[in-house]
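S.K.: Got a predicted structure plus its sequence, pasted below:
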Amino acid sequence: MKDKSILDSSLAPPAGGSRSVDSMPDVVAHRVGITAVERDTGIGKDTLRVWERRYGFPQPFRDTHGERMYPMQQVARLRLIKRLLDQGFRPGKLLSLPLEQLDVLLGQSIENDSQPHPIDKKSALVIRQAAGQTGGKSKGKSSANDAVSGSIANSATDWIIPLLKSHDISLLRTTLAQRMAQSGPMGFVLDVLPSLNVRVGNAWLRGELAVFEEHVYTEVVQNVLRTTLQSLSLTQSLPRVLLTTVKNEQHGLGLLMAEICLAVDGATCISMGVQTPVADIVLAAKHKAMDIVALSFSAAYSWRHIHDCLLELRAQLPVNIALWAGGAGVAGRTSIAGITLMSDLRAIHPALAAWRTENQRA
């Protein structure tokens, strides 16, 4: 359903189709091309085109060359949609909402993220390490309570914002590597990094960070994770796991986080990076004699496409190769026959244990 609630009537394309921006010179300066929209919002070009066809939003104009041009009102709305997707919302719901309702949802999401959470002793230790606190004895009961409070958990990630604003890439990389060393690969991936991701995302929403600063954060984190994977001296054994994302799924951070969890648990990992066509996934899995194909889906990828893609891949993979899927795109979804869905990274360890037990019996 098309939603024109945020568009001024003078800017909306007519019902009969797009009109050239040359006929409206007064508003040309307030439109940007699809490449700029992708860079500003973090939403891929292919995704924007799919949303346009399926949901009727965004509604770009066409210039004299037939290229898409997006009004800034729509770009602002897409920016909110992207952040809400990162918070776990589904595109089918968000794309029908006007800007005002998106803003309300965003405010509620940020408020919920800032609420105190119960934290166990192990997580509290990780939080103290991430904050750069010493491991000395507590001076009193109140200090121990503070260490596990939500406010301390939030402040433990505040250091990332001024570091990103400094634009010192070398210092950012060094600092993240130090946090990795302090908490260990699993502690960093399961406890520290998710909190940092939320803090950076919310900072972008509040205007504390520019979109390029968020992109720099993601790139540096991925480099640190890759370096960590290369440095791990682990005894690799079964299962052999092929990791990738499908076409149009360009988010690779979750894939790297999953690879660290698998590698630390002794699995042999082969990563194909992002956006691999289904046919190539099947060919690689067969050629390399993989035991498991593991896919990562972000919340920006619609559940209908995830479901169809998984069924297609399951039908083409040999029955002896397991198919796992994780990430925000599958969180809360029910199981599909022959496919293992994981709501978070902590599900990897029991899934590996179950696979090993089943294959030992076989």
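M.R.: Thanks, I have the structure now. Numbers count the residues shown, from 1 in each chain.

S.K.: Only C-alpha atoms from now on, for both contacts and neighbour counts.
M.R.: Fine.

S.K.: most centrally placed residue in the chain?
M.R.: S298 (5.0 Å; CA atoms, centre = their mean).

S.K.: and that one, that one's in a helix?
M.R.: No: assigned with DSSP: H, G, I helix; E, B strand; the rest coil, S298 falls outside any helix and is coil.

S.K.: wait, isn't it in contact with A328?
M.R.: Yes: if you go by CA atoms under 8 Å, S298 and A328 touch, sitting 5.1 Å apart.

S.K.: show me where pLDDT drops low in this structure?
M.R.: Along the chain, segments meeting pLDDT under 70 span 1-29, 109-155, 361-362.

S.K.: Which positions in the longest strand anywhere in it come out as buried?
M.R.: Determined from DSSP state E, the single longest strand within the chain is strand 237-244. Buried residues in strand 237-244, counted by 16 or more other CA atoms under 10 Å: 238-244.

S.K.: which strands and helices sit next to it?
M.R.: Identification of packing neighbours for strand 237-244 by 3 or more CA pairs under 8 Å, 6 or more residues apart in numbering; DSSP states H and E yields helix 253-264, strand 267-271, strand 292-296, helix 348-361.

S.K.: go with 7 Å
M.R.: strand 267-271, strand 292-296 (3 or more CA pairs under 7 Å, 6 or more residues apart in numbering; DSSP states H and E).

S.K.: quick one, which of those strands is packed in tightest?
M.R.: Highest mean neighbour count among these (mean count of other CA atoms under 10 Å): strand 292-296, with a mean of 23.

S.K.: Please export the C-alpha coordinates of that strand as CSV.
M.R.: Provided in CSV are the C-alpha atoms of strand 292-296 (Å, rounded to 0.1, in the frame of the first residue of the first chain):
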residue,chain,number,x,y,z
ILE,A,292,27.0,-27.6,7.4
VAL,A,293,26.0,-24.5,5.4
ALA,A,294,25.5,-21.5,7.7
LEU,A,295,23.7,-18.3,6.5
SER,A,296,23.3,-15.0,8.2
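
S.K.: Begin at 25 from now on, thanks
M.R.: Yep, numbering from 25; the last one is strand 316-320 now.

S.K.: So what are the sheet partners of it and their directions?
M.R.: strand 261-268 (parallel), strand 346-350 (parallel) (DSSP bridges).

S.K.: Quick one: these as CSV, columns for distance to D289 too.
M.R.: Supplementary listing: the strands paired with strand 316-320 in CSV, determined by distance: least, CA to CA, whole Å:
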stretch, distance to D289
strand 261-268, 9
strand 346-350, 16
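
S.K.: picking that back up, need the helices and strands packed on strand 261-268 in TSV with distance to R78, can you?
M.R.: Listed next are the helices and strands packed on strand 261-268 as TSV, based on distance: least, CA to CA, whole Å:
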stretch	distance to R78
strand 291-295	31
strand 316-320	23
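
S.K.: The nearest residue to C293 once chain neighbours are set aside and A291, how far apart?
M.R.: Nearest residue to C293, sequence neighbours excluded (CA to CA, 6 or more residues apart in numbering): V265, at 4.9 Å. Counting by CA to CA, to the nearest Å, the gap from V265 to A291 is 7 Å.

S.K.: sorry, back to before: quick one: residues contacting the residue nearest to the centre of the chain.
M.R.: With contacts defined as CA atoms under 7 Å, 6 or more residues apart in numbering, S322 is in contact with 275, 351-353.

S.K.: Closest to M281 out of the residues you listed?
M.R.: Proximity of these to M281 (CA to CA) peaks at G351, which lies at 10.3 Å.

S.K.: Check the spacing between that closest one and I345 real quick.
M.R.: In terms of CA to CA, G351 sits 20 Å off from I345.

S.K.: Also T181?
M.R.: Distance from T181 to I345, by CA to CA: 40 Å.

S.K.: Can you list the buried residues in the top helix by length along the chain?
M.R.: With secondary structure taken from DSSP state H, the chain has its longest helix at helix 235-255. For helix 235-255, burial by neighbour count (16+ other CA under 10 Å) applies to 235, 237-238, 241-242, 244-249, 252-253.

S.K.: Send me it as PDB with only the CA atoms.
M.R.: What follows is helix 235-255 as a C-alpha-only set of coordinates in PDB (Å, rounded to 0.1, in the frame of the first residue of the first chain):
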ATOM      1  CA  VAL A 235      26.500   7.700   8.600                       C
ATOM      2  CA  PHE A 236      30.100   7.500   7.400                       C
ATOM      3  CA  GLU A 237      31.300   7.300  11.000                       C
ATOM      4  CA  GLU A 238      29.000   4.300  11.500                       C
ATOM      5  CA  HIS A 239      30.300   2.700   8.400                       C
ATOM      6  CA  VAL A 240      33.900   3.300   9.600                       C
ATOM      7  CA  TYR A 241      33.000   1.600  12.900                       C
ATOM      8  CA  THR A 242      31.600  -1.500  11.000                       C
ATOM      9  CA  GLU A 243      34.600  -1.800   8.700                       C
ATOM     10  CA  VAL A 244      37.100  -1.500  11.600                       C
ATOM     11  CA  VAL A 245      35.200  -4.000  13.700                       C
ATOM     12  CA  GLN A 246      35.200  -6.500  10.800                       C
ATOM     13  CA  ASN A 247      39.000  -6.000  10.300                       C
ATOM     14  CA  VAL A 248      39.600  -6.700  14.000                       C
ATOM     15  CA  LEU A 249      37.400  -9.900  13.800                       C
ATOM     16  CA  ARG A 250      39.300 -11.100  10.700                       C
ATOM     17  CA  THR A 251      42.600 -10.500  12.400                       C
ATOM     18  CA  THR A 252      41.500 -12.400  15.400                       C
ATOM     19  CA  LEU A 253      40.400 -15.300  13.300                       C
ATOM     20  CA  GLN A 254      43.800 -15.500  11.600                       C
ATOM     21  CA  SER A 255      45.600 -15.400  14.900                       C
END
